[in-house]
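Asks: I need the structure of the sequence given here:
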Amino acid sequence: MTLGMISIAVLASDPITGEGAAWSLCRYPGLKVLPQEEHRDADVVLLLTAEVTEETMVLMEAVAARAANPAMSMVLVTGRIGEAQLVRAVAFGLRGVMWRQDSTFDNVVDAVRAVAEGAALLPAPVQGQLVDHIRRVQRDVLRPLGLTTSGLEAREVDVLRLLADGLDTTEVAQKLNYSERTIKNIVSVMMNRLGLRNRTHAVAFALRSGTL
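Replies: Next up is the predicted model:
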């Protein structure tokens, strides 16, 4: 984005709908509508489809792979999206979902502008789908393996929390009833696995990921 201008590309399952939407969006100030073939340069890609299909998912994956802008986001206007599709789409850069039957060009433009500024706009049922998915992943996948959403093991989190409080290796070992050698091994394995430089870097990683 340059000087508040948002570049947007419109991709639609129906070419006529896509062309009409692109023409209508041209009248809004602050938007630069790109030709479809230049979608890789867009700040926001607007996807229009009556229903999300596997073809839609393949398109979203391709758009994400080709994006020249690492911050490129997507806004999807559709009649329906399943939970599994939603989770995949978020990984491809989806930040906004709007129901086709409720959408006007004015609120689509509002969504595009918000997403371009880093917001996420999702209908309440879609938010619920994401929350339910995260909870299931934590309960059924991560917790049985002793992992957290950050990729840290539960005991690694315990060690990092104490290191962040200023305790040294001996004090951490006493608090957790481990040997000093075990604590050193936990820290070493964690840093190697995550590519962390030192304990300070490890604590910073845990803080950024929201683990601490």
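
Asks: count of neighbours near V33?
Replies: Counted by other CB atoms under 10 Å, the residues lying close to V33 total 20. (C-beta placed from N, C-alpha, C; glycine too.)

Asks: surely it meets L25?
Replies: Yes: between V33 and L25 there is a contact at 5.2 Å, judged by CB atoms under 8 Å.

Asks: shared neighbours, these two?
Replies: I8, V10 (CB atoms under 8 Å, 6 or more residues apart in numbering).

Asks: ranges for the strands of the chain?
Replies: 6-12, 31-34, 44-48, 73-78, 94-99 (DSSP state E).

Asks: of all these, which lies closest to Y178?
Replies: Nearest of the strands of the chain to Y178, taken as CB to CB: strand 94-99 at 42.3 Å.

Asks: Mind listing residues that contact the closest one?
Replies: 60, 73-79, 81, 86, 107-108, 111-112, 114-115, 119-123, 126.

Asks: got the buried residues for that strand?
Replies: L94, R95, G96, V97, M98 (16 or more other CB atoms under 10 Å).

Asks: out of the strands of the chain, deepest packed?
Replies: Highest mean neighbour count among these (mean count of other CB atoms under 10 Å): strand 44-48, with a mean of 26.

Asks: Who are the packing partners of that one?
Replies: strand 6-12, helix 15-25, helix 54-66, strand 73-78, helix 105-116 (3 or more CB pairs under 8 Å, 6 or more residues apart in numbering; DSSP states H and E).

Asks: Export these as JSON lines, with columns for distance to L147.
Replies: Conversion of these to JSON lines gives the following (distance: least, CB to CB, whole Å):
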{"stretch": "strand 6-12", "distance to L147": "36"}
{"stretch": "helix 15-25", "distance to L147": "42"}
{"stretch": "helix 54-66", "distance to L147": "26"}
{"stretch": "strand 73-78", "distance to L147": "28"}
{"stretch": "helix 105-116", "distance to L147": "31"}
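
Asks: how about these in TSV, adding mean pLDDT and distance to E180?
Replies: Below are those laid out as TSV (pLDDT from 0 to 100; distance: least, CB to CB, whole Å):
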stretch	mean pLDDT	distance to E180
strand 6-12	95	55
helix 15-25	91	63
helix 54-66	94	46
strand 73-78	96	47
helix 105-116	94	49
